[in-house]
Structures are given as C-alpha cells and as structure tokens.
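K.L.:
Show me the folded form of this:
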Amino acid sequence: MATLNSSSFSNSSAPFRCKFNEDFKYILLPTSYGVVFVIGLLLNAIAMYAMLFRIKQWSPNTIYMINLTVCDTLYILTLPFLIYYYADKNVWPFSESFCKLIRFLFYANLYGSILFLSCISLHRFLGVCHPVRSMHWVSPRRARLVSVAVWVIVLVFQAPVLYFSRTRNAGNDLVCHDTTTEELFNHFLVYSTAISVLFFVIPFLVVLVCNGLMVRKLLEPTAVGGATSQRSKKKSVKMIIIVLLTFMLCFLPFHLTRSLYYCFRHLQVSCGLLEGSSIAYKVTRPLASANSCIDPILYFMAGQGFRRSINRKNKKGYRTEKGKSLSTSL
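P.N.:
I've put the predicted structure just below:
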C-alpha cells in the first residue's frame, strides 16, 4: 500500500513523495533481465556471425540489421549490472559515472533499435511498393551514411541522460536513479516527452504506414510467379507482423506506462494512482528489453525468405564455397 510522506505538502513546491511496496521488482526484473541476457546474447551472436562471415555482399537491409544487432548486443551487455543491482534491492555498488553510463546505454540502444527497425521498414516499403524507383534511391553506400547519421543523432539526443542520471544516498546504500533526482524531475519530464515523440511516436507512425502499404501491395493478386511468389509474399507478411508486434508488445506498453507514471508524478496525484502507474511501468520494462530477443528473428526469417534472390545472384557470377548453406542479404 502506498503511503504519503507527511512532509510532502509542507509547501506548494515541495516534492511529491509516496512510499511504495516494490518487492515484486526485485524478483521480476533480475529474472526477466537474466532470461533476456542469455537468449538475446545467444541469438544476436548467431545473427552477427552469419551476417559478418556468411554474407559476401551486404545489401542496405543487411547493413541496417548489423547496426540493429550492435544496438541489441550493447544493451544486453549492460544487463548483468542491472541484474545485480535489482537483485540486491536497489543497492548500487558502482560509481555514479558508471550509473550514468548504464542508463545512457539503455536509452541509446533502445532508441537506436527503434530507428533502425524504422529504416528497415522504410527500405522494404520502397522495395515492395516502388521497386523501380528504389533502385536509384537506395544503395549500400547510402545505407551506411544513414546508419552513421542514426548513431550520431541517437548519441547526441541521449547525451542529456548523462546529466540527468544521478545516484543518491539512501542510508548506507547508494541508489542509481532510473529517472533523475526530484529537483531535476520537471526538466527531465520535458526532455523525456520530447524524446518519446521524436524517437518513438514518429518512427512508430512511419512503421505503421510503411507496413500497412506493404501489406496492401503484397496482398494484391499477381499473375506472375505462381506458388513461389505466394510463398515469398507470405514470408514478407510474417516479417511485417514481427516488426509490428515488436512495436506493439515491446515499445508501446513501455512508453505508455512510463509517460503515465511521469505525468502522475508531475501532477501529484494520489499515492494509490501513482503506485498503480509505477507498477505498470516496472512491469513493462522487461517487455522493452525483450525486443533484443525478437530482433534476430527478423534476420533468420529473411534468410529463408530471400534465398532465391541470392541463388539468382550466384548464377550471374557470385561464387560460394561448395557445401555451404547460402545466407541472404535481407
């Protein structure tokens, strides 16, 4: 049960403080992060190996997938520290600088993943809906430039996290804030809202529009290709579904519950409402982490769905070692 600190209303500007029973997160977060660490690290390592050593010619989608895998892997490598932190009941054993770095990497790689998924959706949209024009619009070189731009944008816009993230003494223990200190919270709320709009809402709308138009195009009847064409279309639709599910199940609940929790803190609602929003936010945090396990599935599905295109390239002159299974460039 949430309780209100008696000093909360000592004056109108006093911070709004409620004490929650959050024992559940000391089990939920270490357990879920541990599962994501093991499964995500394994799947991303396999995907990275396949893309780096089995694909001879990198397409734009392959380049985006490599960057997406790097984002996921960097995030996964931060999880052991968070597992230890939450398993030890919010006792941060490291320095404040390391706290800042861990929080920065979490958000940088979260929004990096969202942007690279958006790039993949936009690229596939051009290839499916505008196949002729896209030949002049997209190329591996441009994909590299876009990837560099994405990294620069993410790192620059997430840099304020290094300022907002702080540690706080709680008795003899040190706490690593997931948000920021109370005196900086209003500024952090403005920053967090702007980031959510720029790096989640807008990319989400782009993904919805691109994938919706692709589904409509893929479901159109075609006279050429027969059963093979239908199988390729079904695989493409499955990939679209995975991308949409990643946004709907991993990113959307996290951003909705986090925004609600932040707004309730700012509006100083009752402790009951604040506790409920806090619980919802913490429950959805593992969902945001789970995208690191889902993203490699895109590569594995594409590796099957586009094998025929690789075979056609081989007939034109690309050589592969005899006996090796062929990979694809998404």
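K.L.:
For the residue lying closest to L287 once chain neighbours are set aside, the count of nearby residues, please.
P.N.:
Excluding the flanking residues, the one nearest L287 by CB to CB, 6 or more residues apart in numbering is C250, at 5.1 Å. Every C-beta, even on glycine, is put in place using the N, C-alpha and C of the backbone. For C250, the count of nearby residues is 24 (other CB atoms under 10 Å).
K.L.:
so how far is I114 from C250?
P.N.:
10 Å (CB to CB, to the nearest Å).
K.L.:
Likewise for L79?
P.N.:
Counting by CB to CB, the gap from L79 to I114 is 18 Å.
K.L.:
ditto for G276
P.N.:
According to CB to CB, G276 and I114 sit 27 Å apart.
K.L.:
more crowded one of these two?
P.N.:
I114 (25 against 18).
K.L.:
what about the more buried one, which helix or strand?
P.N.:
According to DSSP states H and E, I114 maps onto helix 96-129.
K.L.:
can you pull the buried residues of that helix?
P.N.:
99-128 (16 or more other CB atoms under 10 Å).
K.L.:
go on, stretch 24-33?
P.N.:
25, 28-30, 32-33.
K.L.:
May I have stretch 23-34 as PDB, with CA atoms only?
P.N.:
The C-alpha trace of stretch 23-34 is given here as PDB (Å, rounded to 0.1, in the frame of the first residue of the first chain):
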ATOM      1  CA  ASP A  23       9.300  -6.000  -3.500                       C
ATOM      2  CA  PHE A  24       8.000  -7.600  -6.700                       C
ATOM      3  CA  LYS A  25      10.500  -5.800  -8.900                       C
ATOM      4  CA  TYR A  26      13.400  -7.400  -7.000                       C
ATOM      5  CA  ILE A  27      12.200 -10.700  -8.400                       C
ATOM      6  CA  LEU A  28      10.700  -9.700 -11.700                       C
ATOM      7  CA  LEU A  29      13.500  -7.500 -13.100                       C
ATOM      8  CA  PRO A  30      16.500  -9.700 -12.300                       C
ATOM      9  CA  THR A  31      14.700 -12.800 -13.600                       C
ATOM     10  CA  SER A  32      13.400 -11.200 -16.800                       C
ATOM     11  CA  TYR A  33      16.700  -9.500 -17.500                       C
ATOM     12  CA  GLY A  34      18.500 -12.700 -16.900                       C
END
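K.L.:
Just give me how far it sits from the chain centre.
P.N.:
Remark: stretch 23-34 is offset 19 Å from the chain centroid, using CA atoms, centre = their mean, to the nearest Å.
K.L.:
likewise stretch 39-53?
P.N.:
17 Å.
K.L.:
List the buried residues in that stretch.
P.N.:
Buried residues in stretch 39-53 (16+ other CB under 10 Å): 40-41, 43-44, 47-48, 50-51.
K.L.:
ok, now stretch 179-199?
P.N.:
By neighbour count with 16+ other CB under 10 Å, stretch 179-199 contains the buried residues 179-180, 185, 188-189, 191-192, 195-196, 199.
K.L.:
swap in stretch 65-80?
P.N.:
65-76, 78-79.
K.L.:
go on, stretch 252-264?
P.N.:
So for stretch 252-264, counting by 16+ other CB under 10 Å, buried means 252-255, 257-262, 264.
K.L.:
ditto for stretch 169-176
P.N.:
For stretch 169-176, burial by neighbour count (16+ other CB under 10 Å) applies to 174-176.
K.L.:
pLDDT and secondary structure for the residues you listed - can I get that in CSV?
P.N.:
Output for these, formatted as CSV (pLDDT from 0 to 100; DSSP: H, G, I helix; E, B strand; the rest coil):
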residue, pLDDT, secondary structure
L174, 90, strand
V175, 90, strand
C176, 92, strand
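K.L.:
just these now: which is nearest M239?
P.N.:
Nearest to M239 among these is C176, at 37.3 Å by CB to CB.
K.L.:
contacting residues for T284?
P.N.:
Residues near T284 by CB atoms under 8 Å, 6 or more residues apart in numbering: 253-254, 256-258.
K.L.:
Just the ones in helices from the residues you listed, please.
P.N.:
Applying DSSP state H to these, the entries found in helices are 253-254, 256-258.
K.L.:
Farthest pair within these?
P.N.:
P253 and R258 (9.2 Å).
K.L.:
which residue packs closest to D178, ignoring adjacent ones?
P.N.:
Closest residue in space to D178, ignoring its immediate chain neighbours: R103 at 7.1 Å, by CB to CB, 6+ apart.
K.L.:
which residues touch that neighbour?
P.N.:
R103 touches 161, 165, 176-178, counting by CB under 8 Å, 6+ apart.
K.L.:
low-confidence ranges in the stretch 101-250 of the chain?
P.N.:
In the predicted model of the stretch 101-250 of the chain, residues 222-232 satisfy pLDDT under 70.
K.L.:
Quick one: the helices in the chain, in order.
P.N.:
Assigned by DSSP H, the chain shows helices spanning 25-53, 60-76, 79-87, 96-129, 131-137, 140-158, 160-164, 185-196, 202-218, 226-245, 252-267, 271-305, 307-315.
K.L.:
buried residues in the longest one?
P.N.:
When neighbours are counted by 16+ other CB under 10 Å, the buried residues of helix 271-305 are found to be 271, 274-279, 281-299, 301-303, 305.
K.L.:
from the chain's centre, how far out does it sit?
P.N.:
With CA atoms, centre = their mean as the basis, helix 271-305 stands 8 Å off its chain's centre.
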